[in-house]
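S.K.: only the shape, not the letters, is given here:
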């Protein structure tokens, strides 16, 4: 069985789609797969493209006509991003009478969240219009993969007619582990070993809402270090907010090899995002034995304790939960153990690949 993955993003882009596609492509599996997109990477069959004006790191795909012939012997076309490659996947799948699967990785705010805050009037209008656009194009797929229970419910509520199957993106539980040696990370960023560490990992943009975490850090009673890793349009704003508070560290993106160390070194992962389809970072943290405090987005409700789900922009509640978690060593130790066990059982790469392979087989038989 051969699967053609159509995507507009891939590593070294720093997003969940790119990370997941890389992991799947390099994982041992019972089918062959190839990647197609407007990208310069040894793993990818490059499709021509033009610069995307809003996001200079990305290109809009331009199929020069060879793509259809190139994938004619493939059994399944799998779309991963709702941009140029998605339309080629639909059209080519229809022309070749191949089943088309679409994974709904990309929430509406990921389309405009670097430009607008979701809770503004303009943001609310943009959210509604983008949901309509996404539902419209995914309805043309033969099967839609939802990466969380929240997303499956949301898609049905918003009018998805195509059949939906829930398959969460998996985590490499060997790469992300509580046993990871954290020495180099702690030394590189001069992080005190005698204080608890609160971690945020993600783009510093409106939809991720790192501002709420900085405000929470200023309210916390616990003498903790707050490590907020990422780049984005809010970076300078956060630096100004944290001025004079040496316990708030804003290092930008950290090297890829240090990411598992950061998760393993942290005592709490705090993520006050306003919108996620899944939130791979939750699973990376939990696989590393780091409990999460989060808003009710993506997979958070499925993996976090109810008391650790907070409201949007509620910095007071976030500060309170951080203090509570760090003050109860027994409860924290139990959460560390439970977090790791849950990811190993339900959200490993092995679990994901088993479900994905089963879906491909069923689509081919149809």
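M.R.: Received, thanks. These numbers were taken from a predicted model, which means no experiment stands behind them. Numbering: from 1, shown residues only.

S.K.: so which residues of the stretch 51-200 of the chain form helices?
M.R.: Taking DSSP state H, counting those that start in this stretch, the helices of the stretch 51-200 of the chain run over residues 67-70, 84-96, 108-112, 121-138, 149-157, 183-188.

S.K.: mean pLDDT, mean neighbour count and distance to residue 228 added to these, as TSV?
M.R.: Backbone N, C-alpha and C define where each C-beta goes, glycine included. Converted to TSV, those look like this (pLDDT from 0 to 100; neighbours: other C-beta atoms under 10 Å; distance: least, C-beta to C-beta, whole Å):
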stretch	mean pLDDT	mean neighbour count	distance to residue 228
helix 67-70	96	15	41
helix 84-96	97	20	32
helix 108-112	75	21	19
helix 121-138	92	16	22
helix 149-157	94	17	25
helix 183-188	98	14	15
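
S.K.: could you export those as a markdown table, including distance to residue 45?
M.R.: Below are the helices of the stretch 51-200 of the chain laid out as a markdown table (distance: least, C-beta to C-beta, whole Å):
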| stretch | distance to residue 45 |
| --- | --- |
| helix 67-70 | 7 |
| helix 84-96 | 11 |
| helix 108-112 | 24 |
| helix 121-138 | 22 |
| helix 149-157 | 29 |
| helix 183-188 | 36 |
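
S.K.: closest one to residue 238 among the ones you listed?
M.R.: Nearest of the helices of the stretch 51-200 of the chain to residue 238, taken as C-beta to C-beta: helix 108-112 at 18.5 Å.

S.K.: who does the closest one touch, helix- and strand-wise?
M.R.: Packing partners of helix 108-112 (3 or more C-beta pairs under 8 Å, 6 or more residues apart in numbering; DSSP states H and E): helix 121-138.

S.K.: what comes into contact with the lowest-mean-pLDDT helix or strand in the chain?
M.R.: Least confident helix or strand, the chain: helix 108-112 with a mean of 75, by mean pLDDT, DSSP states H and E. Here helix 108-112 makes contact (C-beta atoms under 8 Å, 6 or more residues apart in numbering) with 15, 82, 118, 123, 126-127, 130-131, 134, 206-207, 274-275.

S.K.: okay, now the closest residue to residue 280 other than its chain neighbours: neighbour count?
M.R.: Spatial nearest neighbour of residue 280, excluding adjacent residues (C-beta to C-beta, 6 or more residues apart in numbering): residue 16 at 4.3 Å. Residues within reach of residue 16, counting by other C-beta atoms under 10 Å, total 22.

S.K.: for residue 16, what are its contacts?
M.R.: Contacts here follow C-beta under 8 Å, 6+ apart; on that basis residue 16 touches 105, 169, 278, 279, 280, 281.

S.K.: which of those ranks first by neighbour count?
M.R.: Taking other C-beta under 10 Å as the neighbour criterion, residue 279 ranks highest of those with 30 neighbours.

S.K.: and it, how far from residue 203?
M.R.: To residue 203, residue 279 is 13 Å away according to C-beta to C-beta, to the nearest Å.

S.K.: now do residue 22
M.R.: In terms of C-beta to C-beta, residue 22 sits 18 Å off from residue 203.

S.K.: these two: which is more packed in?
M.R.: Higher neighbour count among residue 22 and residue 203: residue 203, with 21 against 17, using other C-beta under 10 Å.

S.K.: just checking, the more buried one touches residue 235?
M.R.: No - with contact defined as C-beta atoms under 8 Å, residue 203 does not count as touching residue 235 (9.8 Å).

S.K.: residue 5 in helix, strand or coil?
M.R.: Assigned state for residue 5: strand (three-state reduction, DSSP: H, G, I helix; E, B strand; the rest coil).

S.K.: so how far is residue 24 from it?
M.R.: Counting by C-beta to C-beta, the gap from residue 5 to residue 24 is 8 Å.

S.K.: ok, now residue 345?
M.R.: On the measure of C-beta to C-beta, residue 345 and residue 24 end up 20 Å apart.

S.K.: and the two? Which one has more around it.
M.R.: A count of neighbours by other C-beta under 10 Å puts residue 24 above the other of residue 345 and residue 24, at 21 against 10.

S.K.: for that one, report the pLDDT, please.
M.R.: Note on residue 24: pLDDT of 97.

S.K.: ditto for residue 63
M.R.: pLDDT recorded at residue 63 is 87.

S.K.: tally of neighbours for it?
M.R.: Counted with other C-beta under 10 Å, residue 63 comes out at 18.

S.K.: quick one, what contacts the closest residue to it other than its chain neighbours?
M.R.: Among residues not flanking residue 63 along the chain, residue 88 sits closest, at 5.1 Å (C-beta to C-beta, 6+ apart). By C-beta under 8 Å, 6+ apart, the contact set of residue 88 is 6, 47, 61, 63, 67.

S.K.: what two of those residues are the furthest from one another?
M.R.: Counting by C-beta to C-beta, the most remote pair of the contacts of residue 88 is 6 and 63, 10.2 Å apart.

S.K.: ramachandran angles for the nearest residue to residue 1 once chain neighbours are set aside?
M.R.: Sequence neighbours aside, residue 31 is the residue nearest to residue 1 in space, at 4.2 Å (criterion: C-beta to C-beta, 6+ apart). With angles defined as degrees, to the nearest 10, residue 31 sits at phi -130, psi 160.

S.K.: what strand or helix carries the closest residue to residue 288 other than its chain neighbours?
M.R.: The shortest distance from residue 288 to any non-neighbouring residue, by C-beta to C-beta, 6+ apart, is to residue 263 (3.6 Å). If you go by DSSP states H and E, residue 263 is part of helix 259-265.

S.K.: packing partners of that helix?
M.R.: helix 183-188, strand 197-201, helix 280-287.

S.K.: residue 40: which of these is closest?
M.R.: Judging the helices and strands packed on helix 259-265 by C-beta to C-beta, what sits closest to residue 40 is helix 280-287, at 23.7 Å.
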